Structure formats: C-alpha cells, structure tokens
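Engineer: need a structure here:
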Amino acid sequence: MKKTEMALEGQPKPLLWVATPQRLIAIDISKLKINHYEDTSKLKINHYESRDFEIHSLPVFRMLNLVENEFPFGMRFFIRDSKLYMVGGEKPRRGASPKLYPHLKNVGHDELFGDRGLSPYVYVLDLTGLDSSTDLELLKHHTSMLAAKPTPIVEEIEGKIYVRSGTPSQSYCLLPKPTFEVYDPLIEQWKPLPEPSFYREGCSNCQEFKVIDHSVLGTTIYVLTFNLMDNFYHYYSYNVNEGNWKFLGESEDKLPVPYHFTPTFTGKFVLGYNDIYIFFLGDIPYATLIPSNDRSPTRYQALNEVDGALYHRQVTSYSGLVVQLGEHEMCIMKPGLVQAKEGSLPPCHSILYMATFKVEKLLHSSSSAQDRGRKQLRTADASDVSKTSSHHDNDVNDIRAPFLSITCLSKGFYYLDEWGLEASYICSAFFHQLIWT
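Structural biologist: You can find the predicted model right below:
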C-alpha cells in the first residue's frame, strides 16, 4: 500500500461514480473547485486551453473499462447496501476492435453469450473497500434475470428493482420475453410483469414507433413513445401497486403529473426536502417548490449560481443529469461536444460541465407559509390589506421570489479524456462514500 493510501486509511472518500455504455468512472468530488469565468462574451472553447478559458481535467480516482474486459456493452447500474449492481447489456462480437464499440450496430453480437449476445446477467461489485472498487476480478456474477435485457431501464421503487428492456443496437433483434420484470433483493427472486403495450411483437424499436424516454414519480413509471406512422407522441404509465399499463393519450397537458415530472425532463428531489425538486429545462438547471395543496401555485427558481452559461452558445449538449450527494447537497452534470480549433484533430472534443452545491430553504419558502399569507389576506379588513399587500406580493405570494439559497461548492468545465472514443453520454451517476480499509 502506498504512503498516501496509508494516510487515508479509515477516512471516507467522496466518490461520484459515472456510468457510460462502456465504463465506470469514479470522480473524487473533494478535488473539484469553483472555476470563475468572468467575461463570458469573450470566451472561446476549443481543443486547447487558452488565456481566456481554461478547461480542466477531471479528478478521476479510478476508471474501470468494462467492455474491454469482456463485460457487456450498455449495462445499466444501481447501488444498494454499498454494492454496485450492473444489469443486462449486449456482448460485442469477439475480436472486434475497441474503436468500433461506440458503433455497436456495426460490430455485431457474440452469439454464444447469453441470449444471442443479449445479456440476462447481473454482476455485483462490493464498494466497501479500496480493493473491491478497483479490481475487476472481484466483479462477480450475482444473479440472472428471467430474460436478457439490452440497454435496460432500471429503477428502484419501494425497495424493489424494476427492469425493462431498452432498444437493442441491432434493429432486427427481437426482445426476449419477459421484457419487464422486478427483482426483490430480500428474497433474491425475479418475477415477470405485464408486457408493455408499446412493445409490439416483442420489438422495442420497430418501424412503427420508438421509445423516447421515461420518468418515475412515487410508485408510477411514465413512458414516452413516438409513433412514426401518425407522427404523434404517446404516453403510458405503470403503477407498481396496481400492476397494469395504461395509455395516457397523446398530449403532455393531459398527464396527471406536473410537466417537470414528465419523461422529457431529468431531475431528482433534494434529500431532506420532500418538496424541492431539481431538474434541467433544456440546458438550464431549475428548482421547483412542490405545493402542499391544489390552492398553492408551483414555484420555480433558475439556479443561476451553478449554471454553465457557456453551454447555451457554444456547446452541442447531451441530456443533463441530477445527482443526490447527501442531505441538502446536489450535483448537476451536462456532457457535450465542442468544436475544436480549425485544423485540430479530432474535430470535436468531449467536455463535461459539472457543479456541486448546497440547497437551503428560505424562511418564507414553505407551502404552509404561502397558505398563512392567503389566510391573512382573507381575514384582514381593507386597512390591514393596504398595509400588508406590498409585503405579501413581494414575498410570500410572489411566485417569482427566490425560495432557495444556493451555495456553490464547485463548478467548471472538464475534459473527458477518460471517455476515449466513446460519445460523451452518461447512462447514470450515483454518489458513494468509499471507506479506505
């Protein structure tokens, strides 16, 4: 063991694990800093660092290249009891060059692996010690699903793991059934669930439609699909307690949830605040205060303190991600591509905007405070109203007033050299305190 490792023995190391279709990257968030970009009008992002704008390297603690070590491509992940579970995916053809992995549809499957190259397997990695988080030999086959799942969609709801098949890289590849199942970790048992009505003839991406995205609110999974025949979006839902799929129509306005919970948005609740939700609207991070009753308006606040303003002009961005770091602490991540300087190779460069921050409610921000303000207005006489209306309009009842205090802990742009030739796409990310032993 190195001297630096001996000095850290027994101390927690805050790691943000980032999963891509090919690899796992552990980022040491204690080494992230606040990078200031004073005059954004003059900034130029290119392949080289400049005096105007500096792109840093990510403080990577460990990088596990799963696919090059013969694990499936496109696995999805969840963490439970300090163990990392890796689910499903597709096994590339043996002998294929790693340079082709980002274009798996041109590589083909290892037909001898799993179900015609599709993986039903779940691997587990113990994260409780340093060795287990860095040694791929300790990654064990834990269990097998009832059927293989390419690029699966994985969600934990009320302690159970729900897994639905995603889109295979080969368009002609039919999905094995069941395409939807649930795992109970307490009894270590898989159970088939009703087939989604939008998986026609066992195919997730046929010529008629394609699955766009999904979201989860409480015990309900919402799915957005696009019908290529009529050019309409279709919405579906599955409630884990009711156990059946429902068609919700073609309009987002008719969904029984606020629009920021629909499948087109990515977000998370703040741990410790069950009514504060952080999400991306395009490239801009927002917070919303969920009202306690139907009479109170939903309030929104742009998180300007941690917004990466340059994204809006100079970066071709991919979907952002919101991660819970602990009570009242959050992280936002936004990968993307920037154009390199003329004549540079490669012509585009992968970067990541990343910010960590602490969330604190302002005293007037609670839904109960809004309700008290309305009650005071209803019971006050005219003179009282004239005295209090200005304060009420500018504080409690003004939905534009900030309801959160945001303390930026780190923010900046980072190169994604660890991605290699892989596109800067993040499947999932999760926080874990590594205890050195």
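
Engineer: and Met333, how many neighbours?
Structural biologist: 23 (other CB atoms under 10 Å). Quick note: C-beta positions are derived from backbone N, CA and C, even for glycine.

Engineer: what's it in contact with, if anything?
Structural biologist: Val18, Gly320, Leu321, Val322, Val323, Leu352, Tyr353, Met354, Ile426, Ala429 (CB atoms under 8 Å, 6 or more residues apart in numbering).

Engineer: tell me the SS of it?
Structural biologist: Here Met333 is recorded as strand under DSSP: H, G, I helix; E, B strand; the rest coil.

Engineer: from Leu224, how far off is it?
Structural biologist: 22 Å (CB to CB, to the nearest Å).

Engineer: and Cys408, by the same measure?
Structural biologist: In terms of CB to CB, Cys408 sits 32 Å off from Leu224.

Engineer: more neighbours, those two?
Structural biologist: Higher neighbour count among Cys408 and Leu224: Leu224, with 20 against 13, using other CB under 10 Å.

Engineer: leaving out chain neighbours, which residue sits closest to that one?
Structural biologist: Pro263 (3.9 Å; CB to CB, 6 or more residues apart in numbering).

Engineer: how much space between that neighbour and Pro291?
Structural biologist: Using CB to CB, Pro263 is found at 22 Å from Pro291.

Engineer: those two: which is more packed in?
Structural biologist: Pro263 (21 against 16).

Engineer: surely the more buried one touches Val223?
Structural biologist: Yes. Applying CB atoms under 8 Å as the test, Pro263 and Val223 come out as touching, 6.4 Å apart.

Engineer: quickly list what's touching both of the two.
Structural biologist: Asp213, His214, Tyr235.

Engineer: is it true that the first one touches Thr225?
Structural biologist: No. The criterion here is CB under 8 Å, and Asp213 misses it with Thr225 at 9.3 Å.

Engineer: these two: who's more crowded?
Structural biologist: Thr225 (24 against 15).

Engineer: so Glu195, which of the three states?
Structural biologist: coil.

Engineer: how close does the residue nearest to Leu224 get to Gly320?
Structural biologist: From Pro263 to Gly320 the distance is 15 Å (CB to CB).

Engineer: go on, Ser30?
Structural biologist: 23 Å.

Engineer: these two: which is more packed in?
Structural biologist: When neighbours are counted by other CB under 10 Å, Ser30 and Gly320 differ, and Gly320 comes out ahead with 24 against 12.

Engineer: confidence score at the more buried one?
Structural biologist: Here the pLDDT value assigned to Gly320 is 82.

Engineer: the one 3 residues further on too?
Structural biologist: Residue-level confidence at Val323 comes out at 94, pLDDT.

Engineer: hang on, isn't it packed against Ala429?
Structural biologist: Yes. With contact defined as CB under 8 Å, Val323 counts as touching Ala429 (4.9 Å).

Engineer: OK, contacts around the nearest residue to Val240 once chain neighbours are set aside?
Structural biologist: In this structure, Val240 finds its nearest non-sequential neighbour in Thr219, 4.9 Å apart by CB to CB, 6+ apart. Contacts for Thr219 were tallied using CB under 8 Å, 6+ apart; they are Ile157, Glu158, Asn239, Val240, Asn241.

Engineer: buried among the residues you listed? Make that a PyMOL selection.
Structural biologist: Burial among the contacts of Thr219 is assessed by 16 or more other CB atoms under 10 Å; the matching PyMOL selection reads:
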select buried, resi 157+240
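
Engineer: gap between Gly336 and Phe180?
Structural biologist: Distance from Gly336 to Phe180, by CB to CB: 32 Å.

Engineer: how much space separates the residue most central in space within the chain from Ala26?
Structural biologist: Nearest residue to the geometric centre of the chain (CA atoms, centre = their mean): Leu321, 4.0 Å. Per CB to CB, Leu321 is found 16 Å from Ala26.

Engineer: quick check, Ala148 in contact with His109.
Structural biologist: No. If you go by CB under 8 Å, Ala148 and His109 don't touch, sitting 10.5 Å apart.

Engineer: list residues touching both of those two?
Structural biologist: Common neighbours of Ala148 and His109, using CB under 8 Å, 6+ apart, are Arg116, Leu118.

Engineer: so where is the stretch 151-300 of the chain shaky, pLDDT-wise?
Structural biologist: Low-confidence segments of the stretch 151-300 of the chain, defined by pLDDT under 70: 171-173, 200-209, 294.
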